[in-house]
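Student: this one's structure only:
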RNA sequence: GCGCCCGUAGCUCAGUGGAUAGAGUACUUGGCUUCGAACCAAGGGGUCGUAGGUUCAAAUCCUGCCGGGCGUACCA
């Protein structure tokens, strides 16, 4: 409907002024109408006419030609055209579907990416939940969606942890690991990582030992060693981490990952590729290391294989990109990480572009800000001053208990997911354990509550609520609610096109406010001749709210 | 130093070329014998960091400056 009107007005512009122009309808403030366009303002220059004169001419033509759809056209302000639809047209708009802009495409979405042996902190929780929401949007737009989880099971951080683990165990004694209770494992590993990091920074002898351990891990993978005491320790604690991640994902009720790719799996391909491309001159040797000279591309020069002969993250990322390309031949590959990796990723992609342009050009790096504690200090798992993923969930639970409401697990998840999703992706997220997760105001629980109220009405009603007659004359509050409901499709299309879930949050909150206000001021059950219409609106509203919340990975239970 | 990003109400954030800049929170006030008050209604609170520029129109685009974050070769 919106598109039809846009095209019709564009045709009028061509007709009357002989100017080809794209017409975009926006949703103005309610006082102005249902749709508005600034096309007359933009036509002022090419026609050399006063914008209000242009608007007046178009308004008359719209009245003549679109009168069956549009009830009223007015010209306001500097030359806006404001359109008010017939009530029946508004009802027709309910039939619109979200366009499947990625129909037939294969899209990879990589997110979460926790490293084994390191704690899951608030940032991981953020990327996991927002990544889940983005993957849902991609899927909603019609793409075959592959959710990928990439993690560093080799590399210096593994050497750091293993060194501290072996020190704690008093040597290479894998049998002693059985003494650590399952519930204590994440905290135990976290403590080892902090110890190892401190030793690496403060103790030169320890640093040398750690680097040696790091090298042994690569050799272990090359040899396929699962039996030596060292290997037993490695594989055991590695599995602890994976089990722990899986448990958290299950608790979070995110869509399961289609594939977990550990770094060790893609490292050989990365090394092979970099070695080959070194001969072809894409990479060069410098100070004993293999580097990509990004300066020539306006980027940084970065090391791909260090002077020890070990691959860095850069080389592993090349292996990852090529593995994704070989296995999926994707139309688009979306990678979601913190924005500290933005320029790093540009270098990696610039390097890949030299020998594999297609996957490089189809890769879209989406970055988000840091999760920070209120007060501004950056969380660091090295320093141990982190808020873990679990602690955030616990803080939400405590906030509910403090209010005396005893929220369900669904509501806790709604609070956390919504608190993260409602901010535009890109900026830092300030996390305040006490205040950021509240169960009132612009929050997930508010939306769940608003939804449950509506369901409760429907349950109490006996009348049929399946259809909204197209010949109804709506009362003001009814129409306001209907108008808001019809915005849903436009909002979801914008969110899926831009990969910005927060647009949906903003809309759903406005929708719920519109409904709550309607509900507060208008009787539904027992409202006589309005009852049937109002029940239909409540049903439409509840369905819209539920669909929108589920698109964000948030449940909409019938009862709280 | 250079590169990228950011600066909107006390706090947390929407708004990224269009009409009087909006929410939540906090503060003040009113509303439950009536469909679920985790709600609703009303009020105060803004040099949109700053100075220029482009435009009929700038929080939004461009430039300088101030303030902050991140990156800047063998971490990820």
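Tutor: Yep, it's here. Everything quoted here is computed from the prediction, not taken from an experiment.
Student: Can you get me a residue count around the closest residue to residue A:218 other than its chain neighbours?
Tutor: Using C-beta to C-beta, 6 or more residues apart in numbering and skipping the chain neighbours, the partner closest in space to residue A:218 is residue A:154 (6.0 Å). Bear in mind the C-beta positions are built from the backbone N, C-alpha and C, glycine included. For residue A:154, the tally of surrounding residues (other C-beta atoms under 10 Å) stands at 23.
Student: if I read this right, residue A:154 contacts residue A:267, doesn't it?
Tutor: Yes. Using C-beta atoms under 8 Å, residue A:154 makes contact with residue A:267 at a distance of 6.3 Å.
Student: Secondary structure element holding residue A:508?
Tutor: helix A:502-521 (DSSP states H and E).
Student: Could you list every helix and strand in contact with that helix?
Tutor: helix A:409-421, helix A:444-460, helix A:476-486, helix A:488-498, helix A:531-551 (3 or more C-beta pairs under 8 Å, 6 or more residues apart in numbering; DSSP states H and E).
Student: tell me the angle the third one makes with helix A:502-521.
Tutor: Put simply, helix A:476-486 runs at 160 degrees to helix A:502-521, going by axes from the mean of the first three to the mean of the last three C-alpha atoms, to 10 degrees.
Student: Just the residues contacting helix A:476-486, thanks.
Tutor: A:30, A:34, A:87, A:90-91, A:93-94, A:96, A:474, A:510-511, A:514-515, A:517-518, A:521-522, A:530, A:533-534, A:537, A:540-541, A:544 (C-beta atoms under 8 Å, 6 or more residues apart in numbering).
Student: The residues you listed: which ones sit near RNA strand B?
Tutor: Near RNA strand B, judged by C-beta under 7 Å from any atom of the strand, the entries from these are A:517, A:521, A:522.
Student: need the residues of the stretch 51-200 of chain A near RNA strand B, please.
Tutor: Within the stretch 51-200 of chain A, the positions near RNA strand B by C-beta under 7 Å from any atom of the strand are A:51, A:76, A:77, A:78, A:80, A:82, A:115, A:152, A:155, A:156, A:157.
Student: Looking at the stretch 251-400 of chain A, what residue ends up closest to RNA strand B?
Tutor: Closest approach between the stretch 251-400 of chain A and RNA strand B, counting by C-beta to the nearest atom of the strand: residue A:306, at 2.3 Å.
Student: need the contact list for that residue.
Tutor: The contact partners of residue A:306, taken as C-beta under 8 Å, 6+ apart, are A:289, A:312.
Student: Mean pLDDT per helix and strand in chain A: which one sits at the bottom?
Tutor: Across the helices and strands of chain A, mean confidence by mean pLDDT, DSSP states H and E is lowest for strand A:371-373: a mean of 72.
Student: Just the buried ones out of the residues of the stretch 51-200 of chain A next to RNA strand B, please.
Tutor: A:51, A:80, A:82, A:115, A:152, A:155, A:156, A:157 (16 or more other C-beta atoms under 10 Å).
Student: Just the buried subset of the ones next to RNA strand B among the contacts of helix A:476-486, written out for ChimeraX, thanks.
Tutor: The buried residues among those can be selected in ChimeraX (16+ other C-beta under 10 Å) with this line:
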select /A:522
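Student: where are the low-confidence patches of the stretch 401-550 of chain A?
Tutor: The model of the stretch 401-550 of chain A has pLDDT under 70 over residues A:432-437, A:463-466.
Student: sorry, back to before: I'd like the ones next to RNA strand B among the contacts of helix A:476-486 laid out as JSON lines, including distance to residue A:171.
Tutor: JSON lines is the format used below for these (distance: C-beta to C-beta, whole Å):
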{"residue": "A:517", "distance to residue A:171": "68"}
{"residue": "A:521", "distance to residue A:171": "74"}
{"residue": "A:522", "distance to residue A:171": "74"}
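Student: between the ones next to RNA strand B among the contacts of helix A:476-486, which is closest to residue A:222?
Tutor: residue A:517 (65.7 Å; C-beta to C-beta).
Student: Count the residues that sit near the closest residue to the closest one other than its chain neighbours.
Tutor: Nearest non-adjacent residue to residue A:517, counting by C-beta to C-beta, 6+ apart: residue A:477, 7.7 Å away. Number of residues near residue A:477 (other C-beta under 10 Å) recorded here: 17.
Student: So for stretch A:96-108, what gets flagged as buried?
Tutor: Buried-residue list, stretch A:96-108, by 16+ other C-beta under 10 Å: A:98, A:102, A:105, A:107, A:108.
Student: ok, now stretch A:524-535?
Tutor: Buried residues in stretch A:524-535, defined by neighbour count with 16+ other C-beta under 10 Å: A:524, A:530, A:531, A:532, A:533, A:534, A:535.
Student: And for the residue of the stretch 351-500 of chain A found nearest RNA strand B, the neighbour number?
Tutor: When distances are taken as C-beta to the nearest atom of the strand, the stretch 351-500 of chain A reaches nearest to RNA strand B at residue A:441, 2.2 Å away. The local packing of residue A:441 (other C-beta under 10 Å) involves 8 other residues.
Student: Please report phi then psi for it.
Tutor: Backbone torsions of residue A:441, given as degrees, to the nearest 10, read phi 70, psi -150.
Student: Please tell me how far it sits from residue A:526.
Tutor: Distance from residue A:441 to residue A:526, counting by C-beta to C-beta, to the nearest Å: 31 Å.
Student: Residue ranges in chain A under the pLDDT threshold?
Tutor: Checking chain A against pLDDT under 70 turns up A:373-386, A:432-437, A:463-466.
Student: Map the structural domains onto the sequence of it.
Tutor: A:2-85, A:153-253, A:438-551 (automatic domain parsing).
Student: Which stretch among these approaches residue A:315 most closely?
Tutor: Residue A:315 lies closest to domain A:153-253 among the domains of chain A, at 10.8 Å (C-beta to C-beta).
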